[in-house]
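Chemist: Any chance you can model this:
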Amino acid sequence: MNSNDPDHAPLRDVAQNPEATARYLADVQRVLLDIGRNLEALALETRVHCRDTHVAGDRWFDAWMRAQPVERSLKSVLRHVEGVTKGLEKSAFKRRAHDEAVANTVKKRKERELEKKRKKAPPLQAAPANPPQQGAPSHDSGYGGPTSIYDLGDRESA
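Modeler: So this is what the prediction gives:
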């Protein structure tokens, strides 16, 4: 692709493919981890140097007190680098999850639509097993009968 092309975006192809995105983020993460190791070594060497720098008339803790802001600053940078590397890993997983969610959206919508249709449609009533016949005495199904066990008549109790 030509870099003078107005539609050229260097990471567009990477952003459109979750595997390419994961590879790219893994490469960036490797670089940041290498930078983190270098920063750890720098922090250690800086700590040793700053704590060993004494000025005439110092008490034993003055060099240590002067070194604290520098050490805190480097420690903060290391924490941020670790946070960025964790964030890169997390975003690679979320990118893949996004594509899976997009792929499953059509299926989920169809399932929801079928569920709505099932809820809206009136349930079918089952036909009675023995339809009542003309002129024949109807058999009581047991509902609305006696309310006491003493009023059972010809029926048996449970």
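Chemist: only C-alpha atoms for contact and neighbour calcs from this point on.
Modeler: OK.
Chemist: Below-threshold pLDDT in the chain: ranges please.
Modeler: By pLDDT under 70, the low-scoring segments of the chain are 1-3, 5, 123, 127-149, 152-153, 155-158.
Chemist: Quick check, central residue of it?
Modeler: In the chain, the C-alpha closest to the average C-alpha coordinate belongs to Lys94, at a distance of 7.4 Å (C-alpha atoms, centre = their mean).
Chemist: any idea how far Val84 is from that one?
Modeler: In this structure, Lys94 and Val84 are separated by 15 Å, where distance is defined by C-alpha to C-alpha, to the nearest Å.
Chemist: Next: Asp52.
Modeler: Asp52 is 32 Å from Val84, where distance means C-alpha to C-alpha.
Chemist: Tell me which of these two has more neighbours.
Modeler: Applying other C-alpha atoms under 10 Å to Asp52 and Val84 shows that Val84 carries more neighbours, namely 16 against 12.
Chemist: who's in contact with the more buried one?
Modeler: The contact partners of Val84, by C-alpha atoms under 8 Å, 6 or more residues apart in numbering, come to none.
Chemist: how close does it sit to Trp60?
Modeler: Taking C-alpha to C-alpha as the measure, Val84 falls 38 Å from Trp60.
Chemist: Check Ala121 too.
Modeler: On the measure of C-alpha to C-alpha, Ala121 and Trp60 end up 86 Å apart.
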